[in-house]
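K.L.:
One predicted model, sequence on top.
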Amino acid sequence: MLQYDILNILSNTTGYVSGQQLAQTLGVSRQAVWKSVSALRESGCEIESVQNRGYRLVSVPGFLNETAVKAALKTKIIGQDITVLDSVGSTNDYLKALGARGCKSGTVVAAREQVSGKGRLGRVWQSQRDENVMFSVLLRPQIAPSEAGTITPLTGVAVCRALRTLTGLDCKIKWPNDIIIGKKKLVGILTEMSAEFDAVEFIIIGVGINVGQKTFPEDISHKATSLFLETGKEFDKNNLLAAALNELEKVFLGNNLELSPAALDEYKALCATLGKNVTFIQGGKPVEGTATDISENGELIVSLPGGRICRVNSGEVTAQGIY
């Protein structure tokens, strides 16, 4: 959209840019430039205008908003259609309804506040307004349901990449769907699917990143953390969301939604679960072993006492020393 192009130019210019220069650069009328600048101001951007000098970007809103995210996006598919809601029950549920109505692949829904977000195994993921980054991405891949198991590990790789680059923190992946710092959870990933028979209709990937949260409820304070708690710094949530979406597109397209040898090697290098003693439920009973590898389908390979090998593809896995 024109307003994002204008914001991008103003963001990369130190001084003023005339309306005439913007119009010529973008191939539009001066009136179209004026309308787009007005729309940017309405979205929360502070843009100064001086006669005979033009426009200068003073600031963009710090809270999540489509304008700032789009200005930092480098994707062709993911996030080109993005909605940032003031408040929502669950971004996954909201996007699921859009998916049923036929929204396109790559659609993203984010929220400033999520009041009944979902975690794995029916848990609730709550987040206060403007503290964290919660978003969901819809994909319409032409794959069978049995091939969808690679989506979560690929997402883990992409989000981990973005966070390590932006923050410098030593983020790791806890199989199958968390990103941690040290022994504490920083990010949760929830992948859901709508499918018929042997074809996937759409997949929704929900991601929640603890960004500015300063305290956690007592029952999880020993196992949860945030970027603020780890660094003492505030991070731009719009740049963070854009960076995650940029990496998601790189990882998904670069690996054709498969755990290619390169993607699998990267996942293993980031996976904090490997080498740990783990416990999981099998046949209604707890089983203990050592996590030794990740399969090309994203399964956790566990060596059991006696030499037996078990492949775990779902369920709750407790890793020694990680919450």
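P.N.:
In hand now; what should we look at? Numbers count the residues shown, from 1 in each chain.
K.L.:
Any buried residues in stretch 245-257, and which?
P.N.:
Within stretch 245-257, the residues scored as buried using 16 or more other C-beta atoms under 10 Å are 245-252, 255, 257. Quick note: C-beta positions are derived from backbone N, CA and C, even for glycine.
K.L.:
Could you do stretch 58-72 as well?
P.N.:
Applying 16+ other C-beta under 10 Å to stretch 58-72 flags 60, 64-72 as buried.
K.L.:
Those residues: which two are farthest apart?
P.N.:
64 and 71 (12.8 Å; C-beta to C-beta).
K.L.:
May I see the buried residues of stretch 58-72 organised as a markdown table, with secondary structure added?
P.N.:
As requested, those are exported to a markdown table (DSSP: H, G, I helix; E, B strand; the rest coil):
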| residue | secondary structure |
| --- | --- |
| 60 | coil |
| 64 | coil |
| 65 | coil |
| 66 | helix |
| 67 | helix |
| 68 | helix |
| 69 | helix |
| 70 | helix |
| 71 | helix |
| 72 | helix |
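K.L.:
Closest one of those residues to residue 221?
P.N.:
residue 64 (25.0 Å).
K.L.:
Go ahead and confirm the closest one touches residue 237.
P.N.:
Yes: the criterion here is C-beta atoms under 8 Å, and residue 64 meets it with residue 237 at 5.2 Å.
K.L.:
so which strand or helix has residue 130?
P.N.:
Using DSSP states H and E, residue 130 is not contained in any helix or strand.
K.L.:
show me what contacts it?
P.N.:
For residue 130, the contact set (C-beta atoms under 8 Å, 6 or more residues apart in numbering) comprises 62-64, 112-113, 212, 237.
K.L.:
that older thread, closest one of the buried residues of stretch 58-72 to residue 129?
P.N.:
Using C-beta to C-beta, these come closest to residue 129 at residue 64, 10.1 Å.
K.L.:
Who are the contact partners of that closest one?
P.N.:
84, 110-112, 130, 133, 237-238, 241.
K.L.:
Grab the nearest non-local neighbour of residue 167.
P.N.:
residue 227 (6.0 Å; C-beta to C-beta, 6 or more residues apart in numbering).
K.L.:
can you count the residues close to the one you found?
P.N.:
Using other C-beta atoms under 10 Å, residue 227 has 27 other residues around it.
K.L.:
Correct me if wrong: it contacts residue 235.
P.N.:
Yes: Residue 227 lies in contact with residue 235 (C-beta under 8 Å); the separation is 5.4 Å.
K.L.:
Common neighbours of residue 64 and residue 237, please.
P.N.:
Common neighbours of residue 64 and residue 237 (C-beta under 8 Å, 6+ apart) are 130, 133.
K.L.:
Which neighbours do residue 227 and residue 235 have in common?
P.N.:
167, 211-212.
K.L.:
Most neighbours among those, which one is it?
P.N.:
Tallying neighbours with other C-beta under 10 Å puts residue 211 at the head of the shared contacts of residue 227 and residue 235, with 23 neighbours.
K.L.:
Check the gap between that residue and residue 237 for me.
P.N.:
Between residue 211 and residue 237 the computed distance is 6 Å (C-beta to C-beta, to the nearest Å).
K.L.:
and what of residue 186?
P.N.:
In terms of C-beta to C-beta, residue 186 sits 14 Å off from residue 237.
K.L.:
Also residue 61?
P.N.:
For residue 61 relative to residue 237 (C-beta to C-beta), the value is 10 Å.
K.L.:
Lowest-scoring secondary structure element of the chain by mean pLDDT?
P.N.:
strand 124-127 (a mean of 60; mean pLDDT, DSSP states H and E).
K.L.:
mind checking which helix or strand the residue of the chain positioned farthest from its centre is in?
P.N.:
Computed with C-alpha atoms, centre = their mean, the residue of the chain farthest from its C-alpha average is residue 52, at 42.4 Å. According to DSSP H and E, residue 52 maps onto no helix or strand at all.
K.L.:
I'd like to know which elements the helix or strand that contains residue 208 is packed against.
P.N.:
Assigned by DSSP H and E, residue 208 belongs to strand 199-209. Where contact means 3 or more C-beta pairs under 8 Å, 6 or more residues apart in numbering; DSSP states H and E, strand 199-209 is packed against helix 91-100, strand 114-118, strand 133-139, helix 151-167, strand 184-196, helix 237-254.
K.L.:
again, only using 10 Å
P.N.:
helix 91-100, strand 108-111, strand 114-118, strand 124-127, strand 133-139, helix 151-167, strand 184-196, helix 237-254 (3 or more C-beta pairs under 10 Å, 6 or more residues apart in numbering; DSSP states H and E).
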